[in-house]
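A.B. asks: Output the structure for:
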Amino acid sequence: MNATADQVSALPPVPEAEPGSAGAPCAYAALRTERSITRVRLPGGQPVWLVSRYADVREALAHPGLVRPVIATWPPQDAEPWPRQVLTLLELRGDSHKRVRGAVAPAFTPRRMEALAPRIRAVANELIDELLREGPPGDLIAGFTEPFPLRVLCEFLGVDHTECAAFTEHTETVLDATRVPLERTLRALDALRDFAADLVDECQRGRGHGLLGQLARAPQGEGGLGRDDLISVTISMLIAGYKTNVQHFGSALPTLLERPWLVNRLRARPDQIPDAVEELLRHVPLMNAVIVLVATEDLDLGGRHIREGEAVMPVIASANRDGGTFAQADEFDPERTPNPHLTFGRGPHYCPGGHLTRMQLRIALETLLTRLPGLRPHTAVNRLEWDEDAPLRAPLRLPVRWDQRPPGLRDEDGARP
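C.D. replies: Below is the predicted model:
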């Protein structure tokens, strides 16, 4: 039975992250204990089942009866259908999803990612060269965490990063889809589609390299994809591969910098950085925009009966803080093992870019700690100003200092500060 307008308006809203924080909201702790699956109201006024416990979120993410709705058709409305349907990998289903994902997946293997590592490390060094030229104090948000994921994504796709700045505002709109009017979201998707189509057309004319060039050159029927499929892949990467990493890097770095003992240890023992990366992925939400799934059938989840057509919101940030799975779940423990976080999802729609994100964060930390000795906050971490209005929260600025080397001394990478 559909809820009435009065019943929906009486529902509590989705918990908001506390000011000065990326999340997860403290309210999730009470929900995990008292009402692990409960009805809440999205910012746009839609009712949804909020799922907060690890076991239930894990089940929901891979449940065959729960699927991502097509943005143009959810929430259901009486308006005329949007004339241009734009699908991402998350919205593709069945054979279409298997075919496209199967063509893309080989590019995301750890082995392929490591082949890209030298270029990613070079990008990180280029950005730090600029920080060193300007001298301390420097802003790691403007100088590193904003440009680095964009440069890496463009290297991976095989496109010029100077041409990609135009799409960034549209990705923020799509990630904030539950809080902005649907028409605005669809206009942003249209703009992303036009941008992606231009990139794909260039690659199909033989002018691209990287992932897009590789996919565009493969014959259809032999692992290759058609133009619409290539556009879908490109849009998916633009949405998932840029702003989410910008937000996470910007929020993760203060977590490290307020622990100088950990900074010193990771600088001395870079072999421990991968474990610290996994804990950062668990502890700091990588994607705190809302994930909505829709039931395609009546089903039971965590003891609750979900009716066909009802929306379900599995909260990964809450699952990753569940004390039933993680000891001292609210503590940041860089030696945590095992660390079965759900940051990249689970099931058929498990994020294929997980290896790329891990490698970006690992190389970013290795390079920052090597090139900026004595790296430390210039402003107390608890006094940083945060972007509280964006769907993906992060500090607006992260002023830092470091120890300057004597003139003429080269660092380990051969770069002259």
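A.B. asks: which residue is nearest the middle of the protein?
C.D. replies: Among the residues of the chain, Thr244 comes closest to the average C-alpha position under C-alpha atoms, centre = their mean, at 3.3 Å.
A.B. asks: Next one: it from Leu356, what distance?
C.D. replies: 12 Å (C-beta to C-beta, to the nearest Å). Heads up, the C-betas are built off the backbone N, CA and C, glycines and all.
A.B. asks: just Leu365 next, same as before
C.D. replies: Where Leu356 is concerned, Leu365 sits at a distance of 15 Å (C-beta to C-beta).
A.B. asks: tell me which residues in stretch 388-407 are buried?
C.D. replies: Within stretch 388-407, the residues scored as buried using 16 or more other C-beta atoms under 10 Å are Pro391, Leu392, Arg393, Ala394, Pro395, Arg397, Leu398, Val400, Arg401, Trp402.
A.B. asks: my bad, stretch 142-153
C.D. replies: Buried, per 16+ other C-beta under 10 Å, within stretch 142-153: Gly143, Phe144, Thr145, Glu146, Pro147, Phe148, Pro149, Leu150, Arg151, Val152, Leu153.
A.B. asks: quick one: contacts for the fifth one?
C.D. replies: Pro147 is in contact with Leu127, counting by C-beta atoms under 8 Å, 6 or more residues apart in numbering.
A.B. asks: just the one 4 residues further on next, same as before
C.D. replies: Under the criterion of C-beta under 8 Å, 6+ apart, the neighbours of Arg151 are Val123, Leu127, His161.
A.B. asks: tell me the pLDDT at Pro314?
C.D. replies: Looking at Pro314, its pLDDT is 94.
A.B. asks: ok, now Tyr54?
C.D. replies: 97.
A.B. asks: Quick check: it vs Leu398, distance?
C.D. replies: Counting by C-beta to C-beta, the gap from Tyr54 to Leu398 is 30 Å.
A.B. asks: ditto for Leu189
C.D. replies: Taken as C-beta to C-beta, the span from Leu189 to Leu398 is 31 Å.
A.B. asks: now swap in His283 and tell me
C.D. replies: Separation of His283 from Leu398 (C-beta to C-beta): 17 Å.
A.B. asks: One more: Phe326?
C.D. replies: 27 Å.
A.B. asks: Show me where the stretch 151-300 of the chain dips below the pLDDT cut-off.
C.D. replies: By pLDDT under 70, the weakly predicted segments of the stretch 151-300 of the chain are 165, 178, 208, 220-224, 287-290.
A.B. asks: Go again with 80.
C.D. replies: 160-169, 172-182, 204-210, 212, 216-225, 286-290 (pLDDT under 80).
A.B. asks: Now do the strands in it.
C.D. replies: 293-295, 299-301 (DSSP state E, counting those that start in this stretch).
A.B. asks: among those strands, which is nearest Asp271?
C.D. replies: Shortest distance between Asp271 and the strands of the stretch 151-300 of the chain, using C-beta to C-beta, is found for strand 293-295: 38.4 Å.
A.B. asks: Helices along the stretch 151-300 of the chain, start to end?
C.D. replies: Under the criterion DSSP state H, counting those that start in this stretch, the stretch 151-300 of the chain carries helices at the ranges 168-175, 182-204, 210-217, 227-240, 243-257, 260-268, 273-283.
A.B. asks: Pipe these into JSON lines and attach distance to Thr296 per row.
C.D. replies: Formatted as JSON lines, those follow (distance: least, C-beta to C-beta, whole Å):
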{"stretch": "helix 168-175", "distance to Thr296": "23"}
{"stretch": "helix 182-204", "distance to Thr296": "21"}
{"stretch": "helix 210-217", "distance to Thr296": "30"}
{"stretch": "helix 227-240", "distance to Thr296": "21"}
{"stretch": "helix 243-257", "distance to Thr296": "26"}
{"stretch": "helix 260-268", "distance to Thr296": "45"}
{"stretch": "helix 273-283", "distance to Thr296": "30"}
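A.B. asks: ok so, going back, for Ser9, see how far away the residue nearest to the centre of the chain is.
C.D. replies: Noted for Thr244: a distance of 31 Å to Ser9, by C-beta to C-beta.
A.B. asks: mind listing the strands for the stretch 1-150 of the chain?
C.D. replies: Under DSSP E, counting those that start in this stretch, the stretch 1-150 of the chain gives strands at 37-41, 47-51, 66-67, 138-139.
A.B. asks: Need the winner for burial among those strands.
C.D. replies: strand 47-51 (a mean of 24; mean count of other C-beta atoms under 10 Å).
A.B. asks: and the closest residue in space to Ser318 that isn't next to it in sequence, how many neighbours does it have?
C.D. replies: The shortest distance from Ser318 to any non-neighbouring residue, by C-beta to C-beta, 6 or more residues apart in numbering, is to Tyr28 (3.8 Å). By other C-beta atoms under 10 Å, the residues close to Tyr28 number 23.
A.B. asks: Next: Val312.
C.D. replies: Neighbours of Val312 under the rule other C-beta under 10 Å: 24.
A.B. asks: Just say helix, strand or coil for it.
C.D. replies: strand (DSSP: H, G, I helix; E, B strand; the rest coil).
A.B. asks: pretty sure it is touching Leu301, no?
C.D. replies: Yes: with contact taken as C-beta atoms under 8 Å, Val312 and Leu301 are classed as touching, separated by 7.1 Å.
A.B. asks: returning to what we had before: return the closest of the contacts of Arg151 with respect to Pro64.
C.D. replies: Pro64 has its nearest neighbour among the contacts of Arg151 in His161, at 38.6 Å by C-beta to C-beta.
A.B. asks: ok, now which ones touch that closest one?
C.D. replies: Leu150, Arg151, Cys154, Glu155 are the contacts of His161 under C-beta under 8 Å, 6+ apart.
A.B. asks: distance of His341 from Val8?
C.D. replies: 32 Å.
A.B. asks: same question, Gly374
C.D. replies: Gly374 sits 54 Å away from Val8, going by C-beta to C-beta.
A.B. asks: got it, and Leu211?
C.D. replies: Taken as C-beta to C-beta, the span from Leu211 to Val8 is 42 Å.
A.B. asks: When the two are compared, which one has more neighbours?
C.D. replies: Leu211 (24 against 17).
A.B. asks: residue contacts, that one?
C.D. replies: Per C-beta under 8 Å, 6+ apart, neighbours of Leu211: Val104, Ala107, Phe156, Leu157, Gly158, Val233, Met237.
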